[in-house]
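> okay, structure incoming, though there's no sequence with it:
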Ligand code: NZQ
Ligand code: ZN
């Protein structure tokens, strides 16, 4: 059944060439700003200069070094700095990791408890957050227009998602030209991540939600069409702009309203990043195809719809199901992204650890809450 829903997305998007120049108007005049960034890509591609120029004369301090898969340990240093400096606006400049990390910082600044990790686990409630703005330089996660963040903890090898409406950015600047400097591998990752975000919300069972289904299909078709162009020619503005916007709408909540959602691939993938350091998007490609194979009966209706509408396949229903899964594998592989966990040295030992972690946490996954830890084990065993 098409479920009831409430939808509100407050993020102001400033999309296109030169939009960083608008920053001054987006941030309150008297704000004390903390500019957060990652490992330094913003210094090499001119983004830092553009941001500084847009904010010249403003009260800005900086915190760099937020790593890919941002860690609690690093982020707490930013929280300390922000508290000391009485920061009242956060400006995240970078990819999903910088944005996610900044969302955690935003929640942790006003938090008065003594263990801020509880904001990630959900044991502590987020009641307040410092406002955030973002300049996105890597299309992939959708973090620029959603309220989620995924935070890692080095000490315990954990990687967990958190979310709260107070963590929506006030605005996000999306200038496709800032992404020209991305290495091919990061573009491939971004395409695979956005593709999988759509699949998590679409590849479940039909509930006659035509708008969500057709939008999901159009995002996937757009990604399929622009992938070779934007990989081949990084400065093709039209291709990059279409990719960037596709990645945003893939996870800004719109296609997920009123429909069942899966997210098992992401939850299993986070464990692979936590244990083997595999890039987020690459973990998805080694899980989803095997999950689809294992759950092909439950997902049959949608697999058939996807085969016909997205891949223009024809044949018997059984052929369509098999064809849909094969096309999914071929798509990841066309991005030079392996679909086997064994490609990263994942073996039975890791699988056993992941299964026992899920057992400890009593986690069941999937749109029907029937992917038990044992089923997670089966999926991963198919992948090695
Ligand atoms: O750190 P710097 O030097 O900036 O370099 C980054 C990093 O090494 C580099 N990069 C970013 N923009 C660049 C650039 N290099 C050259 N030119 C540019 N324009 O790319 C590398 C990867 O960046 P990262 O931010 O880690 O990648 P991504 O955007 O894919 O983010 C991945 C993180 O987001 C989480 C993932 O789990 C992972 O931790 N996710 C967040 C979600 C959300 N908030 O809704 C949902 C996703 O499913 C995902 O889980
Ligand atoms: Zn993702």
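It's in. Computed from a prediction, not measured in an experiment: that's the story for all the values here. Numbers count the residues shown, from 1 in each chain. Ligands and ions are numbered 1, 2, ... in the order given.

> how many neighbours does residue 12 have?
13 (other Cβ atoms under 10 Å). Yep, even glycine has a C-beta here, placed from its N, CA and C like the rest.

> for the closest residue to ligand 1 within the stretch 251-384 of the chain, which non-adjacent residue is spatially closest?
The nearest approach of the stretch 251-384 of the chain to ligand 1 comes at residue 280, 3.8 Å away (Cβ to the nearest ligand atom). Using Cβ to Cβ, 6 or more residues apart in numbering and skipping the chain neighbours, the partner closest in space to residue 280 is residue 273 (5.9 Å).

> list the contacts of the closest residue to residue 81 other than its chain neighbours.
Nearest residue to residue 81, sequence neighbours excluded (Cβ to Cβ, 6+ apart): residue 63, at 5.8 Å. By Cβ atoms under 8 Å, 6 or more residues apart in numbering, the contact list for residue 63 reads 34, 35, 36, 37, 77, 78, 81, 82.

> any idea how far residue 182 is from the residue nearest to residue 280?
19 Å (Cβ to Cβ, to the nearest Å).

> more crowded one of these two?
Legend: neighbour count by other Cβ under 10 Å for residue 273 and residue 182, higher for residue 182 (22 against 19).

> quick revisit: mind checking which of the contacts of residue 63 are buried?
Among the contacts of residue 63, those classed as buried by neighbour count (16 or more other Cβ atoms under 10 Å) are 34, 35, 36, 37, 78, 81, 82.

> name the element the fifth one belongs to?
With elements taken from DSSP states H and E, the one containing residue 78 is helix 72-84.

> do the same with residue 226
helix 210-232.

> the helix or strand just after that helix vs ligand 1: in contact?
Per DSSP H and E, the first helix or strand lying C-terminal to helix 210-232 is helix 237-250. No. Contact of helix 237-250 with ligand 1 (Cβ under 6 Å from any ligand atom) is absent, the minimum separation being 9.0 Å.

> one more: stretch 335-353?
No. On the criterion Cβ under 6 Å from any ligand atom, stretch 335-353 is out of touch with ligand 1, staying 12.7 Å away.

> show residues contacting that stretch.
Taking Cβ under 8 Å, 6+ apart as the rule, stretch 335-353 contacts 185, 188-189, 191-192, 227, 231, 272, 275-276, 278, 281-282, 285-287, 289, 329, 332-333, 377, 380-381, 383-384.

> in stretch 375-384, what's buried?
375, 376, 377, 378, 379, 380, 382, 383, 384.
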